[in-house]
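**Student:** predicted model follows, preceded by the sequence.
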Amino acid sequence: MDVDRQTLDTARRSLHGVAELVLAGPQYRQSGTIRLRILQGGFGTVQDPHLRVNGTELVAGEREIPLNGTTCRELAAAAGIDAGGVEDLYEGGSGVELDDTLGVDAQAAQYIEECFHRGHEALSRFAPNSMPVLWPEHFDVGISLDEVNYGISLGDDYLDEPYAYAGPWKPRHGSFWNAPFGAARPMRLLPEPTALHDFYVEAKDQAAADNPHHS
């Protein structure tokens, strides 16, 4: 990746803000869900209003609105909706305000999209009957299977880079579980095409072998 950390962090935070304030919030008020989904080139809503981020643009019907240098309030106005988050549903989030200027570098956006796409592909192969969800709170894509959360995070306070994770609802023990919430592996250490899928399979096996319900 040829994008410096600050540029990537700015793009990640900006896209997270768009996901919260322009997609998830308006969708929640209109359709009652905050779930988003991974799409080719980016991510979008699952119900009305039908909006998506494609690369560095917000797509609303026939309109393609550049993200870089604008604000969430301006984006929403151009798309014909009212921007705003869903503060009552969760704490935390992107920290982006409606009038903050967004910085979405094209290379950084492409890298973020590739991380999400790899995660979505691996999760869909790992659990074909589960639909991966892009959650606006943490801006991570994941599923839950047999009381274990699996997914991809773009980075957070725990690890400031994209990583794959497995988080059992009940704590597990052993060297595989190297994070406070379960297991985490930086995506840069999982470059092979099957590496993400293999990590999820191993996590499932490890979780089953050390299941508190069976002890």
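**Tutor:** Yep, it's here.
**Student:** list the buried residues in the one helix or strand Ala184 maps to.
**Tutor:** Per DSSP states H and E: Ala184 is located in strand 183-186. Buried positions in strand 183-186, judged by neighbour count with 16 or more other C-beta atoms under 10 Å: 183-185. Every residue, glycine included, has its C-beta placed from N, CA and C.
**Student:** what does the average pLDDT come to for it?
**Tutor:** For strand 183-186, mean pLDDT is 98.
**Student:** how confident was the prediction at Asp2?
**Tutor:** Per-residue confidence at Asp2 stands at 71 (pLDDT).
**Student:** repeat that for Pro212.
**Tutor:** pLDDT, read off for Pro212, is 66.
**Student:** give me the contacts around the longest helix seen in the chain.
**Tutor:** In the chain, taking DSSP state H as the definition, the longest helix is helix 106-126. Helix 106-126 is contacted from outside by 1-3, 7-8, 10-12, 15, 38, 40-43, 55-56, 130, 132, 134, 141-143, 150-152, 154, 162, 164, 187, 196-197, 200-201, 204, using C-beta atoms under 8 Å, 6 or more residues apart in numbering.
**Student:** could you rerun that using 6 Å?
**Tutor:** Helix 106-126 has contacts (C-beta atoms under 6 Å, 6 or more residues apart in numbering) with 1, 3, 7-8, 11, 38, 42, 55-56, 132, 141, 143, 152, 162, 196-197, 200.
**Student:** what's the answer for stretch 15-35, then?
**Tutor:** Contacts of stretch 15-35 (C-beta under 6 Å, 6+ apart): 36, 45-49, 51, 72, 75-76, 81, 83-86, 93-94, 96, 133, 136, 139.
**Student:** can you get me a residue count around the residue nearest to Ala60 when sequence neighbours are not counted?
**Tutor:** Residue nearest to Ala60 in three dimensions, not counting chain neighbours: Ala79, with 3.7 Å by C-beta to C-beta, 6 or more residues apart in numbering. Applying other C-beta atoms under 10 Å, we find 20 other residues in the vicinity of Ala79.
**Student:** which regions of this structure sit below the pLDDT cut-off?
**Tutor:** 1, 212-215 (pLDDT under 70).
**Student:** how about the helices in it?
**Tutor:** Going by DSSP H, the chain shows helices at 5-18, 25-31, 72-79, 106-126, 195-209.
**Student:** Ser175: which of the ones you listed is closest?
**Tutor:** Nearest of those to Ser175, taken as C-beta to C-beta: helix 195-209 at 9.7 Å.
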